[in-house]
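Student: next input, structure requested:
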Amino acid sequence: MNDSLNLEFAIAQSHAALGAILKGDPTLFRTLYSKSEDITLGNPFGPFARGQQEVMARLAGAAANYRDGKVTQVESIARYVSSDLACIVEVECSQAKVGGGAELVSIAVRVTSVFTLEQNGWKLVHRHADPITTPRPAASVINL
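Tutor: All right, here's what the predicted structure looks like:
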């Protein structure tokens, strides 16, 4: 498999991993990440996590917040790809039951994923997702 197709596969796997997270399962994301200790994760549930132990714990914590979910749309915003580094910018839309809620809620997050080309293919080294998908007034940004 050539490197660009392998990157497309890694991106598709990240979308499948999101679907699994929305069902409460962090396993697929765990397999996408590099085994390097300098991996990072920023998600809506807390500050940035760095290193295998923190990132894997944060993935499990995120998954514990969701159930019965599914990805409804992924909008590609931009891609920046070199021979061994790729930055993917997307908006991920989904539905899931969140926390103890009984109803499916719509979720939209802006996501930046950074992949690096390793011996065994493209691996995730950073993922940042947050729910800011619409303009916000300056006062709300300052008072975060």
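Student: got the contact list for I107?
Tutor: By CB atoms under 8 Å, 6 or more residues apart in numbering, the contact set of I107 is G69, C93, S94, Q95, A96, V98, P131. No exception for glycine: its C-beta is placed from N, CA and C like everyone else's.
Student: same question for T40.
Tutor: Counting by CB under 8 Å, 6+ apart, T40 has contacts F48, A49, R50, V55, V125, H126, R127, H128.
Student: of all the contacts of I107, which comes closest to N43?
Tutor: Set against N43, the nearest of the contacts of I107 by CB to CB is P131 (10.0 Å).
Student: isn't the closest one right next to S106, touching?
Tutor: No - between P131 and S106 no contact is recorded; they are 11.0 Å apart, counting by CB atoms under 8 Å.
Student: buried ones in the strand ranked longest in the chain, by neighbour count?
Tutor: Determined from DSSP state E, the single longest strand within the chain is strand 66-81. The neighbour-count check on strand 66-81 (16 or more other CB atoms under 10 Å) flags Y66, R67, G69, V71, V74 as buried.
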